[in-house]
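Novice: From the sequence below, what's the structure:
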Amino acid sequence: MAEALANRLRDARSALGLTQAELAERVGVSRKTINTVENGVFVPSTLLALKLARALGCAVEAIFSLDGWEE
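Specialist: Sure, this is the predicted structure:
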């Protein structure tokens, strides 16, 4: 089974009432970067994933997970 990165970034951002631009400013990237991560077009680096989690006040695993991964 193919692995894919599932993300709940849009849900987490929306729950805090943040726009893509506001979140982008908090983590130091462009709004387009946030958009492409939310849409699964771009897989964020570990550093960006950690910054996003910190900005949203949650663990990285609350935002990102492996879809289709079995141990």
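Novice: What backbone torsions are found at Ala6?
Specialist: Backbone dihedrals for Ala6, given as degrees, to the nearest 10, come out at phi -90, psi 140.
Novice: burial of it, as a residue count?
Specialist: Residues lying near Ala6 (other Cβ atoms under 10 Å) number 13. C-beta here means a position set from N, CA and C on the backbone, and glycine is covered the same way.
Novice: Please apply the same query to Thr19.
Specialist: By other Cβ under 10 Å, 12 other residues sit near Thr19.
Novice: Check what pLDDT it gets.
Specialist: If you check Thr19, the pLDDT there is 98.
Novice: Please tell me how far it sits from Glu38.
Specialist: Note on Thr19: its distance to Glu38, by Cβ to Cβ, to the nearest Å, is 12 Å.
Novice: Then Gly17?
Specialist: In terms of Cβ to Cβ, Gly17 sits 16 Å off from Glu38.
Novice: Neighbour count for these two, which is higher?
Specialist: Using other Cβ under 10 Å as the criterion, Gly17 and Glu38 rank with Glu38 on top: 19 against 7.
Novice: How about the residue nearest the centre of the chain: what's its closest non-neighbour residue?
Specialist: Centrality entry for the chain: nearest residue to the mean C-alpha point is Leu9, 4.1 Å, by Cα atoms, centre = their mean. In this structure, Leu9 finds its nearest non-sequential neighbour in Glu38, 4.9 Å apart by Cβ to Cβ, 6 or more residues apart in numbering.
Novice: Could you do Gly28 as well?
Specialist: That would be Lys51: by Cβ to Cβ, 6+ apart, it lies 7.3 Å from Gly28.
Novice: sec struct for the one you found, please.
Specialist: Three-state assignment for Lys51 (DSSP: H, G, I helix; E, B strand; the rest coil): helix.
Novice: Let me know the pLDDT of it.
Specialist: 98.
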